[in-house]
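Novice: Predicted model and sequence follow; I will ask about them next.
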Amino acid sequence: MADTYIPPKVWTMNADNGGQWASINRPDSGARFEQELPVGQHPLQLYSMGTPNGQKVTILLEELLALGVSQAEYDAHLIKIGDGDQFSSGFVAVNPNSKIPALVDRSAEQPINVFESGNILLYLAEKFGHFLPSDLAARTEVMNWLFWLQGSAPYLGGGFGHFYAYAPEKFEYPINRFTMEAKRQLDVLDKQLAKHAYIAGDEYSIADIAIWPWYGNLVLGTVYNAAEFLDVASYQNVVRWAKAIEQRSAVQRGRIVNRTWGEEWEMVAERHSAADIDQVLAKRR
């Protein structure tokens, strides 16, 4: 009991708190340095990194392009969150919360800033009229699951992923706490997918595009290296769904954009045309 932590009356930051993000984490917001964001040739300007939240947007954009929506052409600029790029004055002007992804739509007379990955998916789906049903009941079901993901993913990423994979020390209590919740969420998905081909029914939607980068990648073993630990094989419906989504060409393209780690055929640091992805994927053949 001598090592039990006793919270002080008023919290103060410990600059030597360790961990991968210790050098950039602070309890305040706002710009830390002056730097404008780059602007490419397309109306849609994405500032992101190939994390699960970043993958959501690039997958949707690639799905739209696959449907022939030429207006969905985009520039994807890399934001190195480990280096603190998200705290530039330019990025903070787009997203005051300094989190990727952030989107600027320059197709209108006045540019529109869009942040929060779920909101970007909704914005693009409504703008282009795809992957979001017009029927009220079907649309509501998609939104149910989109909001579910936005509320659940922090437990998977900031909770389970942090303590299991990234924390400088392993502690049983938080790992057990967030493992319990991660498995409960997988069970929620598994029971839903036992009844439907896709998350919100029998049609592929932004609900699948939002959830797959987190839970699909989890059960496929591409995040946290925790598939065995979580016994993901027992969630057979989630595994079936994850593998089916993985086979989509647009998913294979979108998931590697703004990525700077892994094999050479799965890293497209920045995307300014379809050729940027084509050239990288060609290395896989």
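Specialist: Nice, I can see it.

Novice: need the contact list for H196.
Specialist: Contact partners of H196, counting by C-beta atoms under 8 Å, 6 or more residues apart in numbering, are D202. All C-beta spots, glycine's among them, are computed from the backbone N, C-alpha and C.

Novice: Checking it next. Helix, strand or coil?
Specialist: Assigned with DSSP: H, G, I helix; E, B strand; the rest coil, H196 falls in the coil class.

Novice: Make 350 the starting number, not 1.
Specialist: Done: numbering now begins at 350, and the last item shifts to H545.

Novice: Quick check on it: phi, psi?
Specialist: phi -140, psi 150 (degrees, to the nearest 10).

Novice: Which pLDDT value belongs to it?
Specialist: Per-residue pLDDT puts H545 at 98.

Novice: do you know how far it is from W590?
Specialist: Counting by C-beta to C-beta, to the nearest Å, the separation of H545 from W590 is 9 Å.

Novice: Where does the prediction get shaky in the stretch 350-499 of the chain?
Specialist: 350-351, 364-370 (pLDDT under 70).

Novice: how about the helices in it?
Specialist: For the stretch 350-499 of the chain, applying DSSP state H, counting those that start in this stretch gives helices covering 401-415, 438-443, 466-477, 485-503.

Novice: what's in contact with stretch 373-380?
Specialist: Contact with stretch 373-380 is made by 362, 366, 430-431, 433, 436-438, 440-442, 445-447, as judged by C-beta under 8 Å, 6+ apart.

Novice: cool, stretch 431-450 as well?
Specialist: Residues outside stretch 431-450 that contact it (C-beta under 8 Å, 6+ apart): 369-370, 373, 378-386, 395-398, 400, 402-403, 405-406, 427-428, 430, 451-453, 462, 464-466, 469.

Novice: next one: stretch 469-486
Specialist: The contact list for stretch 469-486, computed with C-beta under 8 Å, 6+ apart, reads 405-406, 409-410, 412-413, 416, 418, 420-421, 450, 452, 454, 463, 488, 491, 495, 552-555, 558-559.

Novice: Would you mark the buried spots in that stretch?
Specialist: 469-474, 476-477, 479-482 (16 or more other C-beta atoms under 10 Å).

Novice: likewise stretch 627-634?
Specialist: Quick answer for stretch 627-634 (16+ other C-beta under 10 Å): V629.

Novice: go on, stretch 600-610?
Specialist: Result for stretch 600-610 [16+ other C-beta under 10 Å]: buried residues 600-608.

Novice: Helices - which of those residues land there?
Specialist: 600-603 (DSSP state H).

Novice: Throw these into a markdown table and include pLDDT and distance to R633, thanks.
Specialist: Output for those, formatted as a markdown table (pLDDT from 0 to 100; distance: C-beta to C-beta, whole Å):
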| residue | pLDDT | distance to R633 |
| --- | --- | --- |
| V600 | 98 | 14 |
| Q601 | 98 | 9 |
| R602 | 98 | 12 |
| G603 | 98 | 15 |
